[in-house]
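Novice: Model the following, please.
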Amino acid sequence: MRSLILVAVIGISCVGKQNGVPNPVFDKDIEPIIVQHCTPCHRENGGAPFVLTSFEAVKKKAKTIAKVTANRIMPPWPADPNYTHFLKENILTSEQIATIQNWVKQGSKPGKNPGKLLSKVTPFVSNLGTPDMVLDLDTVTLQQGDQDRFFLVKTSGRMPQKKYVRAVEFIPGQPQLVHHFNGHLINYEKGSKLDFTTQPLKVEMKYEESRPVNKDLNLMANNGIIPERVHSVVNYLPGVFGTEYPDGIGTFQLSEEFSIVGNDVHYGPSRKTVVDKSKIHLFFTETPPSRGLGELMLGTNGVSKIVPPLVIKPNTISKHVTEFTVPADISVLTVNPHLHLLGTSFKAYAIKPNGDTIRLISIPRWDFRWQYFYTFPTMVKIPRGSIIRAEAIFDNTDNNPNNPNRPPKTVAERFDYGGSSMRASDEMFQFIITYVAWQPGDEKISLKK
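Specialist: Okay, the predicted model is just below:
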């Protein structure tokens with residue numbers, strides 16, 4: 001079967017010299033690799049547990065770096081580049097890996113001016129540049145020993161006039177603990193909410209109860225009319241950076257008075273008492289919307305059933321599938337696979353009505369810690385009548401090092417408060433697709449900013 005997405009015949013692992021630079025020094029051969037592939041996370045305020053912004057810091061971790069890069073654990077890029085390609089792929093060539101190995105084996109020589117490039121690495125503030133507006137979320141204190149905690153949150157803003165927004169970015173205050181954030185926009189007609197305030201608000205959510213979001217977060221306008229709601233203006237998962245598209249695609253309007261609501265902010269277990277002060281960044285544009293984004297979710301909480309049902313018996317390895325037939329031509333921009341701790345692999349593709357296959361994504365080694373939103377270099381058309389199919393394998397045995405249960409026990413989707421359980425110890429199987437309605441020429445539109 002033919003594929004609509006061209007994939008290089010020679011994989012990434014075969015690119016470059018297999019032996020690397022024979023006598024590498026840090027400033028010439030290693031430092032550029034660290035700056036490009038490591039410091040986006042391994043810097044002050046970044047998502048990694050330690051910084052690599054000096055020669056001394058890199059040398060201290062040299063053996064670890066050599067090990068994790070040789071095993072392609074780092075830099076993290078779970079998607080198989082031999083299946084499909086995406087923007088911002090963070091993958092080392094075999095030559096780069098061999099160069100790192102040579103550098104460590106030969107004593108980690110500094111070169112003449114080590115640290116010149118690293119000295120220019122700034123603390124993490126934003127992946128998308130300087131925001132036009134910053135909204136603070138309410139402070140959350142996480143006690144040592146706390147297990148999963150969930151909150152409904154609201155943060156609001158007021159402006160003198162309406163604005164167009166091209167991108168929204170969630171910045172976790174505690175990236176090691178924030179598991180996910182899903183934010184939606186509430187636009188109010190100016191003056192329709194007499195008690196409007198920009199003061200952030202949070203309500204802790206317990207699974208034993210169903211929370212009426214509108215009441216808890218005081219979202220209704222005073223005239224009783226439900227305000228305009230824009231779904232999923234911002235989402236966050238571990239390792240995710242902000243997503244932006246060319247101006248006009250996905251752009252939306254912001255009212256003079258608005259709120260961004262997080263229906264489920266999830267914090268994982270904390271080893272010490274910490275305070276989280278997360279933020280939301282808004283990026284404005286003068287370009288009005290050309291096409292709005294659509295979101296298609298397969299599997300858990302989505303439009304398609306999981307077969308067999310997601311009930312994973314102890315000491316078993318099981319494969320589960322979910323399918324959906326698209327009712328109209330769509331152009332796919334971004335895909336996001338989502339599993340929890342028992343997941344070991346994920347693959348998704350579409351089968352056209354004529355039987356041809358459109359490759360979407362393959363993750364042969366699932367890692368719960370890195371769940372990106374993968375954006376294609378150009379839009380990918382999926383024609384009407386095509387079947388989108390996602391497949392996942394789950395390992396509920398002692399051989400799975402991520403299994404939260406020792407000994408293993410039955411793990412399944414759980415539905416506690418009107419939706420599925422978000423707890424990492426339960427399980428999910430989702431495939432989320434961000435798309436626009438197809439137009440002729442979409443396949444030639446670059447999604448690179």
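Novice: Retrieve the pLDDT associated with residue 418.
Specialist: Listed pLDDT for residue 418 reads 45.
Novice: my bad, should have said residue 297
Specialist: 96.
Novice: wait, what's in contact with it?
Specialist: 303, 430-433 (C-beta atoms under 8 Å, 6 or more residues apart in numbering). Any C-beta I mention is one placed from the backbone N, CA and C, and that applies to glycine too.
Novice: how does the chain divide into domains?
Specialist: Per automatic domain parsing, the domain ranges recorded for the chain read 12-120, 133-285, 294-444.
Novice: Kindly present those domains as a markdown table, with separate columns for distance to residue 127.
Specialist: Putting the domains of the chain into a markdown table (distance: least, C-beta to C-beta, whole Å) gives the following:
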| stretch | distance to residue 127 |
| --- | --- |
| domain 12-120 | 8 |
| domain 133-285 | 4 |
| domain 294-444 | 12 |
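Novice: Show me the one of those domains that comes nearest residue 126.
Specialist: With C-beta to C-beta as the measure, domain 133-285 is the member of the domains of the chain nearest residue 126 (5.6 Å).
Novice: Residue 397 and residue 411, how far apart?
Specialist: In this view, residue 397 and residue 411 are 12 Å apart by C-beta to C-beta, to the nearest Å.
Novice: picking up where we left off before, and the domains of the chain, which one averages the lowest pLDDT?
Specialist: Mean pLDDT per stretch puts domain 133-285 lowest among those, at a mean of 86.
Novice: mind listing the helices for the stretch 301-449 of the chain?
Specialist: Ranges of helices within the stretch 301-449 of the chain: none, based on DSSP state H, counting those that start in this stretch.
Novice: So between residue 397 and residue 411, which is more surrounded?
Specialist: residue 411 (22 against 14; other C-beta atoms under 10 Å).
Novice: so the more buried one makes contact with residue 400?
Specialist: No: at 10.8 Å, residue 411 does not count as touching residue 400 under the criterion of C-beta atoms under 8 Å.
Novice: Between these two, which contacts overlap?
Specialist: residue 342.
Novice: thinking again about what came up before, just checking, which of the contacts of residue 297 belong to strands?
Specialist: 430-433 (DSSP state E).
Novice: Next, count neighbours for the closest residue to residue 142 other than its chain neighbours.
Specialist: Leaving aside its chain neighbours, residue 142 sits nearest to residue 270 (4.3 Å; criterion: C-beta to C-beta, 6 or more residues apart in numbering). Counted with other C-beta under 10 Å, residues neighbouring residue 270 total 19.
Novice: repeat for the one 5 residues further on
Specialist: Here the neighbour count serves as a burial measure; for residue 275 (other C-beta under 10 Å) it reads 10.
Novice: Okay, it and residue 216: tell me how far apart.
Specialist: For residue 275, the distance to residue 216 - C-beta to C-beta - is 22 Å.
Novice: swap in residue 83?
Specialist: For residue 83, the distance to residue 216 - C-beta to C-beta - is 43 Å.
Novice: From the neighbour counts alone, determine which of the two ranks first.
Specialist: More crowded of residue 83 and residue 216, by other C-beta under 10 Å: residue 83, with 19 against 14.
Novice: The more buried one falls within a strand, correct?
Specialist: No: looking at residue 83 with DSSP: H, G, I helix; E, B strand; the rest coil, it is coil, so not inside a strand.
Novice: how far out from the middle of the chain is the one helix or strand residue 164 maps to?
Specialist: For residue 164, the element it lies in under DSSP states H and E is strand 163-171. How far strand 163-171 lies from its chain's middle: 16 Å, per C-alpha atoms, centre = their mean, to the nearest Å.
Novice: Give me the contact list for that strand.
Specialist: Contacts for strand 163-171 (C-beta under 8 Å, 6+ apart): 125-128, 131-132, 181, 183, 233-236, 241-245, 247, 250-254, 260, 278-289.
Novice: quick one on the thing from earlier: does the residue nearest to residue 142 count as helix, strand or coil?
Specialist: Residue 270 - assigned by three-state DSSP - is coil.
Novice: quick one: it from residue 165, how far?
Specialist: 33 Å.
Novice: Would you reformat the ones in strands among the contacts of residue 297 as TSV and include neighbour count and distance to residue 191?
Specialist: Formatted as TSV, these follow (neighbours: other C-beta atoms under 10 Å; distance: C-beta to C-beta, whole Å):
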residue	neighbour count	distance to residue 191
430	19	39
431	28	42
432	19	36
433	25	38
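Novice: Just put those residues in TSV and tack on distance to residue 19.
Specialist: Shown next, in TSV, are the ones in strands among the contacts of residue 297 (distance: C-beta to C-beta, whole Å):
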residue	distance to residue 19
430	42
431	40
432	41
433	41
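Novice: from the residues you listed, which single one is nearest residue 117?
Specialist: Nearest to residue 117 among the ones in strands among the contacts of residue 297, with distances taken as C-beta to C-beta, is residue 432, at 36.3 Å.
Novice: Contacts only, for the closest residue in space to that closest one that isn't next to it in sequence.
Specialist: The shortest distance from residue 432 to any non-neighbouring residue, by C-beta to C-beta, 6+ apart, is to residue 336 (4.3 Å). Applying C-beta under 8 Å, 6+ apart, we find residue 336 in contact with 235, 237, 371-374, 430-434.
Novice: Likewise for residue 69?
Specialist: Neighbours of residue 69 in contact, by C-beta under 8 Å, 6+ apart: 75, 92, 96-97, 100.
Novice: Residue 55 too?
Specialist: 26-27, 31, 110, 114-115, 118.
Novice: how long is stretch 183-194 end to end?
Specialist: Start and end residues of stretch 183-194 are separated by 23 Å (C-alpha to C-alpha, to the nearest Å).
Novice: Name the residues that touch it?
Specialist: 168, 170, 196, 219-223, 225, 227-235, 252-263, 280.
Novice: Now list the buried members of those residues.
Specialist: Taking 16 or more other C-beta atoms under 10 Å as the criterion, what is buried in the contacts of stretch 183-194 is 168, 170, 196, 219-221, 227, 230, 232-235, 252, 254-263, 280.
Novice: Narrow the residues you listed to those in strands?
Specialist: 168, 170, 230, 232-235, 252, 254, 257-263, 280.
Novice: Give me the distance between the two termini of stretch 353-369.
Specialist: End-to-end distance (C-alpha to C-alpha), stretch 353-369: 36 Å.
Novice: make that stretch 97-113, sorry
Specialist: OK, stretch 97-113 end separation, C-alpha to C-alpha: 22 Å.
Novice: buried set for it?
Specialist: Those buried within stretch 97-113 under the rule 16+ other C-beta under 10 Å are 97-104, 108-111.
Novice: Helix or strand next in line after the helix ranked longest in the chain, which one?
Specialist: The single longest helix within the chain, with elements called by DSSP state H, is helix 94-105. Per DSSP H and E, the first helix or strand lying C-terminal to helix 94-105 is strand 133-136.
Novice: contacting residues around that next one?
Specialist: Contacts for strand 133-136 (C-beta under 8 Å, 6+ apart): 155-157, 159, 200, 260, 277, 279-282, 284.
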